[in-house]
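Engineer: I'll drop the sequence and a predicted model, then ask my questions.
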Amino acid sequence: MIAADISYRAVRVWQRNRDVFRHIWKPEVTWPLFEPLIVLFGLGLGLGKFVELSNGQEYIQFITPGLIAAFPMWATIGESGWGSYSRMETQKTYDAMVATPVSIDDVIAGEVLWAATKSLIAAFYILATALLLTPFYDLVQSPLVVFVLPMSLFAGLMFASMGLLATSFVRSVSQLAYFVSIVILPMFWVGGVFFPLDQLSEGVRTASWFMPLRHVASIQRALVTGDVGVEQAVDVAWIAVVTLVLFYAALWSMRRRLIK
Amino acid sequence: MLREPLIEARGLTKRFGSLTAVDAIDFEVVRGECFGFLGPNGAGKTSTIRMICCVSPRDAGELRVLGMDPAEHPREIKARLGVVPQEDNLDTDLTVVENLLAYARYFDIRRDVARVRAVEALQTLNLTEKTNEQIYNLSGGMKRRLTVARALVSNPELLILDEPTTGLDPQARQLFWGKLRQLKRDGMTMLLTTHYMEEAAVLCDRVMIMDESRIIARGTPAELIARFIGGEVVEVHLDYARREEGLAVARRAGEGYDVEETEDVVFVYNRDGHNVADFDVDAVTPVAAEVVRRRATLEDVFLRLTGRDLIE
């Protein structure tokens, strides 16, 4: 394992991004706030009328934790993809930061922390909405829901490392579309967010085990319903290992790109 | 005067694959001076600066910045450097003063101290009125000055400026130079890269000229002019309608001198025993568009040493 030169100064990088977010928060919150709401009502109530689940859940109850898993992923990928690329190449923010006692590794760690924070923020909107709607649709059924936000931050670290790894390879911002189409979109649609995976063929179910989002959705679903088991412990371990691998890969690849 | 070196390079080398960008160069920058790196694009100036700033590892040779090795103590060195990069990299979503505060935070400067320093730095660079302005409302010259103000909030011992005035209009450039001279009077040590020879002549105590990864000349601007050009230069501007005739006369008059020909100008320089002061201007005047005798500048030195051909 490579020795990472990470210090508390990673927090300085996070603070810089937070300061910028304070200025531009209005347009920044709009999309992550509105899209899950539209999906929740559109699919949950609209499509939900025609869906009957084998476990007896209403469809809107089924997709709520799925959305809590999936949309924060988009927020984090947006930040560690488009946001980080713009700071690295367009605004040259990385260059400004590494001219100070901040190291390249601090920058990468700070960027991952910040993109993960975007996951937390996005999850907060959806969870708040779900809690508000719970008296009407019984969306949240367990006090374990208090672990939903920490879980979003944890999953955010994984997706942020993944996004930054992709960003370290692209030569223009539009090339991020390859990563999103090949890696993110399949997870989003077939990662256990919109329909249960257990009625799918054995092959597809096995394949889905390698999708990070599937494990996040599994945990968030368990926390919202209270149906926590061994499977979720495996999910947490899976995410921890993959996060570590992806973070070091991002660190290595960013160094390769930036240190010349 | 005690010449305390802040930067010492011996055999400093940088390679990119098979290309040697900086080829075993030696130089020293001492406390209190303004030292200029001159050279055409691709000469190795920025690669050298990046090694000094601890963002690019060297491939060979010795380098000590503020007495430390950049490979071993990058954070300690960077904490004492002020860097003004070639490209503006201000935080465009933050205001002027917020840019300085966010930057000071990278150096662990306490918020109240940072506020005082930000006010001072903005005052020094004539930006006080812009304290709460958005970055996109600043002109190019103001952005450059703000970048210097930002480099000052950490009270650096050494200010490094990489092509600081590229793209500025003459007024903005003059104002900028005035500010740098003020910093120099206050004792700031500066290392500057530029390809504006006037800038080097106006600001630098000592310069070194780089070309093709090596140092080809060094000294004070006046020494370099005296050594490579002498006091004056004659320019024979050819009349295009009778170019051949003018060229022939200029060549004859220039015998014994150092002569350099371009498409439409013949430059005449001193050579041993032949002083441009004695050049027969009257002989060429009738067949040329214009003949100019002028004082030699650092630009003449630069062009003589690095050639007039465009290097791309």
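Structural biologist: Yep, it's here.

Engineer: in the stretch 201-312 of chain B, what residue is nearest chain A?
Structural biologist: Residue nearest to chain A within the stretch 201-312 of chain B: B:Ser213 (15.7 Å; Cβ to the nearest Cβ). Quick note: C-beta positions are derived from backbone N, CA and C, even for glycine.

Engineer: element containing the nearest residue to that residue once chain neighbours are set aside, please.
Structural biologist: The shortest distance from B:Ser213 to any non-neighbouring residue, by Cβ to Cβ, 6 or more residues apart in numbering or on different chains, is to B:Asp23 (4.0 Å). Following DSSP states H and E, one finds B:Asp23 within strand B:19-30.

Engineer: Now do whatever helix or strand comes next after that strand, average pLDDT.
Structural biologist: Next along the chain after strand B:19-30, taking DSSP H and E as the criterion, comes strand B:34-38. Summarised as a single mean, pLDDT over strand B:34-38 is 96.

Engineer: buried residues in strand B:34-38?
Structural biologist: Within strand B:34-38, the residues scored as buried using 16 or more other Cβ atoms under 10 Å in any protein chain shown are B:34-38.

Engineer: Can you narrow those residues down to the ones near chain A?
Structural biologist: With Cβ under 8 Å from any Cβ of the partner chain as the criterion, these include none near chain A.

Engineer: ok, now which ones touch the residue nearest the centre of chain B?
Structural biologist: By Cα atoms, centre = their mean, chain B has its centre lying nearest to B:Thr194, at 2.6 Å. Listed by Cβ atoms under 8 Å, 6 or more residues apart in numbering or on different chains, the contact set of B:Thr194 reads B:36-38, B:163-165, B:200.

Engineer: can I get those residues in JSON lines with distance to A:Ile108?
Structural biologist: Output for the contacts of B:Thr194, formatted as JSON lines (distance: Cβ to Cβ, whole Å):
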{"residue": "B:Gly36", "distance to A:Ile108": "35"}
{"residue": "B:Phe37", "distance to A:Ile108": "30"}
{"residue": "B:Leu38", "distance to A:Ile108": "36"}
{"residue": "B:Glu163", "distance to A:Ile108": "28"}
{"residue": "B:Pro164", "distance to A:Ile108": "29"}
{"residue": "B:Thr165", "distance to A:Ile108": "33"}
{"residue": "B:Ala200", "distance to A:Ile108": "37"}
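
Engineer: Could you give me the buried positions within the strand holding B:Asp23?
Structural biologist: Neighbour-count burial for strand B:19-30 [16+ other Cβ under 10 Å]: B:20-23, B:25, B:27, B:29-30.

Engineer: One more: stretch A:120-139?
Structural biologist: The neighbour-count check on stretch A:120-139 (16+ other Cβ under 10 Å) flags A:120-127, A:129-130, A:133-134, A:137, A:139 as buried.

Engineer: Show me the shaky parts of the chain.
Structural biologist: Since you didn't name a chain, this refers to chain A. A:1-2 (pLDDT under 70).

Engineer: if you could check chain B rather than the one you did, that'd help
Structural biologist: Low-confidence segments of chain B (pLDDT under 70): B:1-2, B:308-312.

Engineer: Tell me where it has strands.
Structural biologist: B:5-16, B:19-30, B:34-38, B:60-65, B:81-84, B:158-162, B:189-194, B:206-211, B:214-219, B:232-238, B:258-261, B:265-269, B:288-295 (DSSP state E).

Engineer: among these, which is the most enclosed?
Structural biologist: Ranked by mean neighbour count, the strands of chain B are led by strand B:34-38 with a mean of 26 (mean count of other Cβ atoms under 10 Å in any protein chain shown).

Engineer: Pairing partners for that one, with directions?
Structural biologist: Applying DSSP bridges, strand B:34-38 is found paired with strand B:189-194 (parallel), strand B:206-211 (parallel).

Engineer: could those go into TSV alongside distance to A:Lys92?
Structural biologist: Shown next, in TSV, are these (distance: least, Cβ to Cβ, whole Å):
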stretch	distance to A:Lys92
strand B:189-194	17
strand B:206-211	24
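
Engineer: how many other residues sit next to the closest residue in space to B:Lys130 that isn't next to it in sequence?
Structural biologist: Leaving aside its sequence neighbours, B:Lys130 sits nearest to B:Val96 (Cβ to Cβ, 6+ apart; 5.0 Å). As a burial measure, B:Val96 scores 25 neighbours (other Cβ atoms under 10 Å in any protein chain shown).

Engineer: list the contacts for B:Val96?
Structural biologist: B:Val96 sits in contact with B:122, B:127, B:130-133, B:135, B:138, B:146, where contact means Cβ under 8 Å, 6+ apart.

Engineer: could you dump stretch B:161-174 to CSV, C-alpha only?
Structural biologist: Extracted as CSV, the C-alpha positions of stretch B:161-174 are listed here (Å, rounded to 0.1, in the frame of the first residue of the first chain):
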residue,chain,number,x,y,z
LEU,B,161,6.2,35.2,-9.8
ASP,B,162,5.8,33.2,-13.0
GLU,B,163,5.2,35.5,-16.0
PRO,B,164,3.2,37.9,-13.8
THR,B,165,2.2,40.5,-16.4
THR,B,166,1.4,38.4,-19.4
GLY,B,167,-1.8,39.8,-21.0
LEU,B,168,-1.9,43.1,-19.1
ASP,B,169,-2.3,46.4,-20.8
PRO,B,170,0.5,49.0,-20.5
GLN,B,171,-1.2,51.0,-17.7
ALA,B,172,-1.9,47.9,-15.6
ARG,B,173,1.6,46.6,-16.2
GLN,B,174,3.2,49.9,-15.1
